[in-house]
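Give me a 3D structure for the following:
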Amino acid sequence: MISPSSFASPPMISTNNQELRTLIPKGFEVIGALAHGASADAQAAVHAARRLRKLLYGEGEGDNRPLI
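You can find the predicted model right below:
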């Protein structure tokens, strides 16, 4: 599980980038994220999912995809 505090420090995520990729079965992609807490909202979950996709799949990947 990746906590919101880990998203505040990008080096921690980038060092775990390869480890995160091994947890995702081949052919699957990250399509969402969950946010929790008093100040969490849908926008926080979308932002977290987009940041994770950028780190896992490349800098520009997912930017032009429609948000459903």
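
Pull the number of nearby residues for Leu23.
Leu23: 7 surrounding residues under other CB atoms under 10 Å. C-beta: built from backbone N, CA, C; applies to glycine.

For Ala44, see how far away it is.
Distance of Leu23 to Ala44, computed by CB to CB, to the nearest Å: 22 Å.

same deal with Glu19?
Glu19 is 23 Å from Ala44, by CB to CB.

neighbour count winner among the two?
Taking other CB under 10 Å, Glu19 and Ala44 do not tie; Ala44 has more neighbours (17 against 8).

Of all the residues in the helix or strand where the more buried one lies, which ones are buried?
If you go by DSSP states H and E, Ala44 is part of helix 42-57. For helix 42-57, the neighbour count (16 or more other CB atoms under 10 Å) marks 44, 48-53, 55-56 as buried.

I'd like to know which of these is nearest to Phe28.
Among the buried residues of helix 42-57, Leu56 lies closest to Phe28 (CB to CB), at 11.0 Å.

got a pLDDT number for the closest one?
On the pLDDT scale, Leu56 is placed at 75.

so it sits right up against Leu23, yeah?
No - if you go by CB atoms under 8 Å, Leu56 and Leu23 don't touch, sitting 10.1 Å apart.

one step back: looking at the buried residues of helix 42-57, spot the one nearest Gly37.
Ala44 (8.6 Å).

any idea how far the closest one is from Arg50?
From Ala44 to Arg50 the distance is 11 Å (CB to CB).

what's the answer for Gly37, then?
19 Å.
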